[in-house]
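Colleague: Sequence below, structure please.
(chains A, B, C and D)
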2 protein chains.
Amino acid sequence: MAGLILLLKFIDYRLFVRDLSMEVYVGVIASIFTFFGIWMGLKFTRPKVIVKKEVIDNFTLDEKKLEETGLSDREYDVLQLMAQGLSNQEIADKLFITINTVKTHSSKVLMKLDAKRRTQAVQQAKELGILP
Amino acid sequence: MAGLILLLKFIDYRLFVRDLSMEVYVGVIASIFTFFGIWMGLKFTRPKVIVKKEVIDNFTLDEKKLEETGLSDREYDVLQLMAQGLSNQEIADKLFITINTVKTHSSKVLMKLDAKRRTQAVQQAKELGILP
DNA sequence: CTGAAAATCACCCTAAAGTATGAGCCCAAA
DNA sequence: TTTGGGCTCATACTTTAGGGTGATTTTCAG
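Modeller: Residues are numbered from 1 along each chain as shown, chains lettered A, B, ... in the order given. Here you go, the predicted structure:
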């Protein structure tokens, strides 16, 4: 970074004192910082390989975590069916309740799992170990 | 790109005619092009799969099944991000494409996986062994 | 070089999901 | 017996997802 500023000063001196056109000056600055940006972008956003915690083949429900979420029985039912890719209507049919009720439950599931979408809720649930 | 040049001209006019200090001018140019560079860098060097490589213990991608689905590289990218619970908009941002393109991809994913909803697609994919 | 597949984007429209609010019912614990 | 939590349902509204179509551009193998 320091070197960059120095370089800038240098270019400033070389170009400015010789009264070159503004366009050239701007062009040089723009080019330099474009490449600088590219470098920054690549350096700091390289995807990292993340090793995740072990995932179990034989699923055993993590009761503690389930309690911690504060999910009620019915909400957990809905969550499980969500995870199977069912729509709210299909869930309603399976549980013999209306779609309105399912929506109520699913909203609370999303809240309690701190998710914005059902796909996210399912993902969270799996990471918590409350879904296979 | 054209828009960028226009923006440059605009700033040129606004700042230059008011005789502001050179440092400010250079600073603005530098900032803009740094971000431009970051954007460029990310857009044109995007790795095949930005998604974190889930080196989950006992997950090994079933390449055969993946081929059988006929999913393209990009479609698979989208599927992975779907599975993480991201919205189409969020996926678009991650892949540096528009939400429209994401929709196109996701539609094809749903077709190829024979699913009606993204939650279902994710479920199917996991059962096929093409997602952890 | 050329054609096909892949990737990108746009627009329009419908369906599903999600939010907010209110309300009635049941039941067990205080 | 009151009270609170869980379950149920409704209605109205906003947001997101998904379907269909068409189009341009990349890419890549033949």
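Colleague: how about stretch A:98-109 as CSV, C-alpha atoms only?
Modeller: Taking C-alpha atoms only, stretch A:98-109 is exported to CSV below (Å, rounded to 0.1, in the frame of the first residue of the first chain):
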residue,chain,number,x,y,z
THR,A,98,-55.4,-26.1,6.6
ILE,A,99,-52.7,-24.4,4.6
ASN,A,100,-53.2,-21.4,6.8
THR,A,101,-52.2,-23.3,9.9
VAL,A,102,-49.2,-24.7,8.1
LYS,A,103,-48.1,-21.2,7.2
THR,A,104,-48.4,-20.2,10.9
HIS,A,105,-46.3,-23.1,11.9
SER,A,106,-43.7,-22.6,9.1
SER,A,107,-43.4,-18.9,10.0
LYS,A,108,-42.5,-19.9,13.6
VAL,A,109,-40.1,-22.5,12.4
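Colleague: anything in it near chain B?
Modeller: No. Using Cβ under 8 Å from any Cβ of the partner chain, we find that stretch A:98-109 stays clear of chain B, coming within 11.4 Å at best. Bear in mind the C-beta positions are built from the backbone N, C-alpha and C, glycine included.
Colleague: so for that stretch, what's the average pLDDT?
Modeller: The average pLDDT for stretch A:98-109 rounds to 97.
Colleague: Report whether stretch A:60-75 contacts DNA strand D.
Modeller: Yes. Contact of stretch A:60-75 with DNA strand D (Cβ under 7 Å from any atom of the strand) involves A:70, A:72, A:73, A:74, A:75.
Colleague: Residues contacting that stretch, please?
Modeller: Outside stretch A:60-75, the residues that touch it by Cβ atoms under 8 Å, 6 or more residues apart in numbering or on different chains are A:76, A:79, A:95, A:105, A:108, A:109, A:112, A:113, A:128, A:129, A:130.
Colleague: returning to that earlier point: I'd like the residues of stretch A:60-75 next to DNA strand D as a markdown table, with secondary structure, pLDDT and distance to DNA strand C appended.
Modeller: Below are the residues of stretch A:60-75 next to DNA strand D laid out as a markdown table (DSSP: H, G, I helix; E, B strand; the rest coil; pLDDT from 0 to 100; distance: Cβ to the nearest atom of the strand, whole Å):
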| residue | secondary structure | pLDDT | distance to DNA strand C |
| --- | --- | --- | --- |
| A:70 | coil | 91 | 16 |
| A:72 | coil | 94 | 13 |
| A:73 | helix | 94 | 13 |
| A:74 | helix | 96 | 12 |
| A:75 | helix | 96 | 12 |
